[in-house]
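In: Below is the sequence, then the predicted model.
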Amino acid sequence: MTLLFALLLSCAGSDEPEHHEAAEEHAEAVQLSPEAIEAARLVVVPAQEGVLTPELKLPGRIQLDPRREAVVSAWIGGQVDQIAVRSGEVVHKGQTLATVQSPELGEAIAAYRGALARDRAADARLERLGRLEAQGVAARAQVLEAEADHAEAEGDLEAAEERLRILGVDPSQGDPHSGEHYVSHVPVRSPISGRVLTATATVGRRVSPGDALFHVGDLSEVWLLVDVYERDLHRVSEGQTVSFTVNAWAAQPFEGRVEQVGDWVEPDSRSVEVRVVVPNPEEKLKPNMFATATLRLSDEGATPGVVLPTEAVRSLDGEEVVFIQEGEGRFVPRAVEVAERSIEQVRLSSGVAVGEPVVVEGAFTLAAELEKAELGGGHAH
């Protein structure tokens, strides 16, 4: 900045400055040499007419898609005797995360063995009575009673088998009489593929059925939830592009599309929740992160006017101005009225005509040098 100011002073013009009516209260102009223009990195373009793309800037939060997360709980009461994964690890559907040793499993195996024995006995009795009835020895009533006992035994066996399956044991494996191949612990498996987000299981911990041990989530795609005020709801629709940033990656913009506009208006905030689906292949976005979202809205019906980058408009003595190039290396502040603003652009209602050369980059430097010159009682022309 010091070098640029020296260049500005070394490039003074005539002793009789020309005044522009719209900038009489400011130092007259800034006269720059080609070297000073390069140092200030000025960019000048002809003013163009356009419309301002309306935007909504809203706070948001990252959340997992409930279809992509699972709370993995103990199926059975007992004691955790082994943990196979840690928080942060990637797991696959069906993978064992931990095992729980449980007396309930032993009881279930014993009940299954008893049911199997009764079913086999009932089956044998029914078969024997069937032969005797054919020989005229057994009465029909005895056969009917045996059939009823057999049906009841089969029902008990099916219930015992289902209980074992719920506890993670396949009844078809092992010898139910000897107990071989049956284990005394129940595997706790992940129902989805994803990453272990939290793990509360510890070896030796006693658990009851339903106690949460792990939280698994698939982070490859997440939701961004934003609350849109009722008055803006008509400007939001499914399929709209939403860009946003998070504090952890402030320099990196993320993008998603509106998947659903909610149907419930919160009574207190008068807002509706809008859900945005966001690809997250690098898993940088984490659940519960806060975000700043920008929804680009339709420009249908927008008022046309001269549209400039936001940085082209500066404040001088409480007045908003832009810098117009008048001749070689000469830049004059021009008072303007801003009719509409977005994050990146402004639409002017007066002050600049279409086609006039406007400084769109580097205006901050010109404004700073004018203020220095005014404070010093001199001119930067």
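Out: Thanks, I have it.
In: At which residues are the helices of the stretch 101-250 of the chain located?
Out: 103-134, 140-166 (DSSP state H, counting those that start in this stretch).
In: Which parts of this protein belong to which domain?
Out: Here the domain parsing of the chain from automatic domain parsing is 2-53+302-375, 56-67+219-296.
In: lowest-confidence stretch among those domains?
Out: Lowest mean pLDDT within the domains of the chain: domain 2-53+302-375, a mean of 80.
In: tell me which residues in the longest strand seen in the chain are buried?
Out: In terms of residue count, the longest strand belonging to the chain (DSSP state E) is strand 254-265. Across strand 254-265, burial judged by 16 or more other Cβ atoms under 10 Å covers 254, 256, 258. Placement of C-beta: from N, CA and C, glycine included.
In: Which of those residues sits closest to residue 230?
Out: Within the buried residues of strand 254-265, the smallest distance to residue 230 is 16.6 Å, found for residue 258 (Cβ to Cβ).
In: related to what we said a few turns ago, how about the domains of the chain in a markdown table, adding distance to residue 104?
Out: What follows is these, written out as a markdown table (distance: least, Cβ to Cβ, whole Å):
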| stretch | distance to residue 104 |
| --- | --- |
| domain 2-53+302-375 | 60 |
| domain 56-67+219-296 | 30 |
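In: ok, back up a step: of all the helices of the stretch 101-250 of the chain, which one is nearest residue 339?
Out: helix 140-166 (67.7 Å).
In: Would you mark the buried spots in that closest one?
Out: For helix 140-166, by 16+ other Cβ under 10 Å, it's 143, 146, 149, 150, 153, 156, 157, 160, 161, 163, 164.
In: Model confidence for residue 88, exactly?
Out: 95.
In: Backbone dihedrals for it, please?
Out: phi 100, psi -20 (degrees, to the nearest 10).
In: Residue 195 is in contact with that one, correct?
Out: Yes: using Cβ atoms under 8 Å, residue 88 is in contact with residue 195, at 6.7 Å.
In: who's more crowded, those two?
Out: residue 195 (17 against 10; other Cβ atoms under 10 Å).
In: which strand residues sit across from that one in the sheet?
Out: residue 90, residue 217 (DSSP bridges).
In: For the longest strand of the chain, name the packing helices and strands.
Out: strand 241-246, strand 271-279 (3 or more Cβ pairs under 8 Å, 6 or more residues apart in numbering; DSSP states H and E).
In: could you check the angle strand 254-265 makes with the first one?
Out: Okay, so that is strand 241-246. Relative orientation of strand 241-246 versus strand 254-265 (axes from the mean of the first three to the mean of the last three Cα atoms, to 10 degrees): 100 degrees.
In: again with the last one
Out: Taking the same axes, to 10 degrees, one finds that strand 271-279 is oriented at 150 degrees with respect to strand 254-265.
In: starting at the chain centroid, how far to the helix or strand hosting residue 79?
Out: Taking DSSP states H and E as the definition, residue 79 sits inside strand 78-83. Distance of strand 78-83 from the chain centroid (Cα atoms, centre = their mean, to the nearest Å) equals 34 Å.
In: Tell me which residues are up against that strand.
Out: 97-105, 185-186, 199, 201-207, 213 (Cβ atoms under 8 Å, 6 or more residues apart in numbering).
In: which of those residues are buried?
Out: 97-102, 104-105, 185-186, 199, 201, 205, 207, 213.
In: and of those residues, the nearest to residue 331?
Out: For the buried ones among the contacts of strand 78-83, the nearest to residue 331 is residue 199 (62.7 Å; Cβ to Cβ).
In: separation between that closest one and residue 335?
Out: 63 Å (Cβ to Cβ, to the nearest Å).
In: ditto for residue 201
Out: Taken as Cβ to Cβ, the span from residue 201 to residue 335 is 68 Å.
In: go on, residue 143?
Out: 109 Å.
In: go on, residue 117?
Out: On the measure of Cβ to Cβ, residue 117 and residue 335 end up 99 Å apart.
In: Which one's more surrounded, the two?
Out: residue 335 (20 against 14).
In: TSV please, covering the buried residues of strand 254-265 and showing distance to residue 352.
Out: Formatted as TSV, the buried residues of strand 254-265 follow (distance: Cβ to Cβ, whole Å):
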residue	distance to residue 352
254	35
256	36
258	35
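In: quick one: which of those is nearest residue 66?
Out: Using Cβ to Cβ, those come closest to residue 66 at residue 256, 16.9 Å.
In: so that closest one bridges to which residues?
Out: Under the criterion used (DSSP bridges), residue 256 bridges to residue 242.
In: for it, what are its contacts?
Out: 224, 241, 242, 244, 276, 277, 278, 279.
In: The same query, at a cut-off of 10 Å, please.
Out: Counting by Cβ atoms under 10 Å, 6 or more residues apart in numbering, residue 256 touches 221-224, 240-244, 275-280, 285, 293.
In: Quick check on these: which are buried?
Out: Applying 16+ other Cβ under 10 Å to the contacts of residue 256 flags 221-224, 240, 242-244, 275-278, 280, 285, 293 as buried.
In: Which one of those residues is nearest to residue 311?
Out: For the buried ones among the contacts of residue 256, the nearest to residue 311 is residue 243 (18.9 Å; Cβ to Cβ).
In: What about residue 34, how many residues nearby?
Out: What residue 34 shows, counting by other Cβ under 10 Å, is a neighbour count of 11.
In: what's the spacing between the nearest residue to residue 125 once chain neighbours are set aside and residue 195?
Out: Nearest non-adjacent residue to residue 125, counting by Cβ to Cβ, 6 or more residues apart in numbering: residue 146, 5.2 Å away. Computed with Cβ to Cβ, the distance linking residue 146 and residue 195 is 57 Å.
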